[in-house]
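**Student:** Sequence plus the predicted model coming up.
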Amino acid sequence: MTVEDIMKIKKFSYSRIIVKVNDKHIEQEDYAVTVVNDGDDVKMIHLLAGG
Amino acid sequence: MDIITLKNNHKLLKEYKYELGKIDKGYANRTLYVNVSDNNIMEKPVTQMMKDKFVGGKGFGLWYLWNAVTSETKWNDPENEIVIAGGPVCGITQYAGTGKSLVCSLSPLTDIPIDSNVGGFFGPLLKFSGFDALEIQGKAEKDVIVYIDGNTGVVTIEEAPLEAVDGHVLGEQLTEMYADNEADKRNVAVVTAGTGAEHSRFGLLNFTFYDPRRKVTRLKQAGRGGIGTVFRDKKIKALIVKFSNVKGDLNNPFDQAIINKTGIKYHKEIHDLDSKQNNMRKIGTANIIEVMDAYDLLPVMNYQYGMHPDTQNIKSTVFIEKYITQGVQDGCWYGCSMACAKAADNFELKTGPYKGQKVTVDGPEYENAAGLGSNCAIFDPEGILELNFYCDTYAIDTISFGTATAFAMECYERGIINKEITGGMELNFGNFEAAAELLHQMSRGEGFGVTVGQGINRMKKLFAEKYGADPDFLFDIGMEQKGLEYSEYGSKESLAQQGGYGLTNKGPQHDEAWLIFMDMVNNQIPTFEDKAEALHYFPMFRTWFGLYGLCKLPWNDIVPADNKYTSEPAKVPEHVQNYLDVVYGVTGKKLSVSDMIKESERVYNFQKIFCIRMGKGLRANDRTPYRSMGPVTKEEYESRQERYDSQLKEKVVYDPEGKSTEEKIAVLRKYRENQYELLMDAVYKRRGWNSNAVPKLEHLKYLDMELPELIEVIKDLQ
């Protein structure tokens, strides 16, 4: 499963999301090719702090 | 009626001449006091104590208000004040969002101090005219205006019988009246209310700025808490300030170069990144309408739900493509490259006294689209724009109106009220005509609109006492706390945001803390201690904007390209440093982040004790309606049954299998209400308060705020 797959499943559509896999930043252009394995630490941080 | 006739009918009540001054490092070092009962006008010096403990802006406003009132003062007593103050940074033109005014008063909705921030030119021009704040006290016998001529040093109070009351007309009339010519209109700023403020408790203040490209007077709103209601109760029709020759260095800053450098860096970010991030320059805050819907956070039908298929009809691109004029400099003060004060031009009104006229609608901001739109199930962009326009010109707070109307609509649909009570109005969700008629009734002071205009807190009492409604159910679905209506975000799934709304000083407005994504989506603050830290840092950090005359939006509605690599991206560390640099540049004060938080804490705790002094501010007042915490009704629960059932299993260790929805609601409710109690304990502790939400005396000592009058209020509550 890739980062992009996870985002689709989670329905994460916001434009400013920071993705880290095992503390490594994943750039947006790499979402489709970055594979996430069982046990990986995945963080998807939405940078939205309201009006 | 022509402008000359209007002006010729003014009757001069008082003229006061003053020496023009020079601003020193962001401070004019004096304030202006105007009493419209006895027409007394005087200047007051800004003391070092005021600067040290209250900084400016909201701090000055609360300090003056404290000294003006007693614990017995009501919002409509003559001694209640309206205080307008910018702050030491207010009026610079090199950084975005530096023209804000903070307005403070005792609120007709909450009976405690309210503060509301607003753009437009009044705050900066007031300072350049010689005053860090304007205090208005008293009650006039007839409608008056207060005019400050900052070019010649004259303040007048004049009876003004013939001008309009509604904001969009009065703003134009007075801008025309006091400007020497078209170019001079940019030098005139007007504060008005509107006819709706005369008949509701959530009246707002409109602050103008002249838009030379559109050739219209634009309106920005100090929306929350009913300050416009106080304004009209004092029979003030308008405040006007005129000052020519605005320049970038009028604050006589300590170090202009660092301000310039910081501003240029920021403007480049906006230029390069806004279109890739939030599109603030195209649509302003309304960019998040569809985002909130996608994450089940958009208030739908009085906060029952968080999304709706028809949201696509009111998503931001609809407004961008069809209504909002693009490519126009929409900053509400000079130098704001974020330029988010969007407007729809040539919008033809379909209802009300201005029906058929083509007007400029200032908006919609996100809160308007959500409050007037989805929360009332009005998924019609033109309906939202029309309600937005009438709210502004009548001086009705869009947030309180939207939330109160949504509440009334739910009561109607549930049979708690009926057509007989509404005066024949079918107040179903989605009925734009009914919502518009409520507004027009508020303007005229008649019908069920006046009832809705009293706010949810008073509607709840009325519906229970007069119409036999169940007060507990009304408490659960009436989205108000401390008397103030909730702003437009669903908080059911974020405990931290329940606190972000519930543990505020003035009531549930999101300007203190917006933690939903950090908490619910990102899971960055999983423990009570984490949430408490966030509910300490962010409210204090955000309070700080209001002390200096700053807008919050440029802080995090755009972020540097490398922000994601910082240790705390949610705080946007580079922008925090920008603010510290700008404050140093203006005032010469070298602040650290902890100094910044401490400055806010002083004012925040002062406001907290002010609330206690006025009879609120304790733990009991932080209780919130259950709809802000979880599903009240069967249909709410069943619409998200999978989510709630799984939470019961995982968090409550309760097997939902075979249980009725009512049983499950009760178990979930007990759990969530207990979580909120635990959150209160953690937050109070982090803020230096006792378990009753009262600041501890040692905390006041830490803050250097051991003022005798504060200790007197809280010493017996330790």
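**Tutor:** Yep, that arrived. Given the structure is predicted, the values throughout are model-derived calculations rather than measurements.

**Student:** contacts, neighbours, all on C-alpha from now
**Tutor:** Noted.

**Student:** Contacts for stretch B:520-528 next, please.
**Tutor:** Applying C-alpha atoms under 8 Å, 6 or more residues apart in numbering or on different chains, the contact partners of stretch B:520-528 are A:43-46, B:493-494, B:517-519, B:531, B:534, B:678-679, B:682.

**Student:** From those residues, list the buried ones, please.
**Tutor:** Neighbour counting by 16 or more other C-alpha atoms under 10 Å in any protein chain shown classes A:43-46, B:493-494, B:517-519, B:531, B:534, B:679, B:682 among the contacts of stretch B:520-528 as buried.

**Student:** Output those in JSON lines, with secondary structure, pLDDT and distance to residue B:204 appended to each entry.
**Tutor:** Shown next, in JSON lines, are those (DSSP: H, G, I helix; E, B strand; the rest coil; pLDDT from 0 to 100; distance: C-alpha to C-alpha, whole Å):
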{"residue": "A:43", "secondary structure": "strand", "pLDDT": "91", "distance to residue B:204": "42"}
{"residue": "A:44", "secondary structure": "strand", "pLDDT": "92", "distance to residue B:204": "39"}
{"residue": "A:45", "secondary structure": "strand", "pLDDT": "90", "distance to residue B:204": "36"}
{"residue": "A:46", "secondary structure": "strand", "pLDDT": "90", "distance to residue B:204": "33"}
{"residue": "B:493", "secondary structure": "coil", "pLDDT": "96", "distance to residue B:204": "31"}
{"residue": "B:494", "secondary structure": "coil", "pLDDT": "96", "distance to residue B:204": "30"}
{"residue": "B:517", "secondary structure": "helix", "pLDDT": "90", "distance to residue B:204": "30"}
{"residue": "B:518", "secondary structure": "helix", "pLDDT": "91", "distance to residue B:204": "31"}
{"residue": "B:519", "secondary structure": "helix", "pLDDT": "92", "distance to residue B:204": "32"}
{"residue": "B:531", "secondary structure": "helix", "pLDDT": "97", "distance to residue B:204": "33"}
{"residue": "B:534", "secondary structure": "helix", "pLDDT": "96", "distance to residue B:204": "30"}
{"residue": "B:679", "secondary structure": "helix", "pLDDT": "98", "distance to residue B:204": "33"}
{"residue": "B:682", "secondary structure": "helix", "pLDDT": "98", "distance to residue B:204": "35"}
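
**Student:** As CSV, these with distance to residue B:131 would be great.
**Tutor:** Below are the buried ones among the contacts of stretch B:520-528 laid out as CSV (distance: C-alpha to C-alpha, whole Å):
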residue, distance to residue B:131
A:43, 50
A:44, 48
A:45, 44
A:46, 42
B:493, 45
B:494, 42
B:517, 40
B:518, 40
B:519, 42
B:531, 40
B:534, 35
B:679, 42
B:682, 41
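
**Student:** Looking at the residues you listed, spot the one nearest residue B:6.
**Tutor:** When the buried ones among the contacts of stretch B:520-528 are compared for distance to residue B:6 (C-alpha to C-alpha), residue B:517 wins out at 52.0 Å.

**Student:** is it true that the closest one touches residue A:16?
**Tutor:** No. Residue B:517 is not in contact with residue A:16 according to C-alpha atoms under 8 Å; the separation is 11.7 Å.

**Student:** Between those two, which contacts overlap?
**Tutor:** With C-alpha under 8 Å, 6+ apart as the test, residue B:517 and residue A:16 both reach A:46-48.

**Student:** What is the neighbour count of residue A:24?
**Tutor:** Residue A:24: 12 surrounding residues under other C-alpha atoms under 10 Å in any protein chain shown.

**Student:** any idea how far it is from residue B:571?
**Tutor:** From residue A:24 across to residue B:571, the span is 20 Å (C-alpha to C-alpha, to the nearest Å).

**Student:** Near chain A, which residues of the stretch 151-300 of chain B are found?
**Tutor:** Neighbours of chain A within the stretch 151-300 of chain B, by C-alpha under 8 Å from any C-alpha of the partner chain: B:277-278, B:285, B:291, B:294.

**Student:** Can you point out the buried residues in stretch B:133-143?
**Tutor:** Within stretch B:133-143, the residues that count as buried by 16+ other C-alpha under 10 Å are B:133-140, B:143.

**Student:** quick one: what helix or strand has the residue of the stretch 101-250 of chain B found nearest chain A in it?
**Tutor:** Closest approach between the stretch 101-250 of chain B and chain A, counting by C-alpha to the nearest C-alpha: residue B:117, at 12.5 Å. Using DSSP states H and E, residue B:117 sits in strand B:113-118.

**Student:** where does residue B:284 land on pLDDT?
**Tutor:** You'll see residue B:284 listed with a pLDDT of 89.

**Student:** ok so it is a strand residue?
**Tutor:** No. Residue B:284: not assigned to a strand; according to DSSP: H, G, I helix; E, B strand; the rest coil it is helix.

**Student:** From what I see, it and residue B:343 are in contact.
**Tutor:** No. Using C-alpha under 8 Å, residue B:284 is not in contact with residue B:343, being 9.7 Å away.

**Student:** ok, which stretches of chain A are strands?
**Tutor:** Counting by DSSP state E, chain A has strands at residues A:17-21, A:24-26, A:42-46.

**Student:** Redo these as a markdown table? Include distance to residue B:546.
**Tutor:** Listed next are the strands of chain A as a markdown table, based on distance: least, C-alpha to C-alpha, whole Å:
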| stretch | distance to residue B:546 |
| --- | --- |
| strand A:17-21 | 29 |
| strand A:24-26 | 35 |
| strand A:42-46 | 26 |
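
**Student:** Provide a list of residues in contact with the most centrally placed residue in chain A.
**Tutor:** In chain A, the centroid-proximal residue (C-alpha atoms, centre = their mean) is residue A:19; its distance is 3.9 Å. Residue A:19 is in contact with A:25-27, A:42-45, counting by C-alpha under 8 Å, 6+ apart.

**Student:** filter the residues you listed down to the ones close to chain B.
**Tutor:** Checking those against chain B (C-alpha under 8 Å from any C-alpha), the matches are A:25, A:43-45.

**Student:** before we move on, back to that, sheet-wise, list the partners of the strand holding residue B:117 with their directions.
**Tutor:** Strand pairing for strand B:113-118, using DSSP bridges, gives strand B:101-106 (antiparallel).

**Student:** For the partner strand, what is the distance to the chain centroid?
**Tutor:** Mean-position distance between strand B:101-106 and its chain equals 10 Å (C-alpha atoms, centre = their mean, to the nearest Å).
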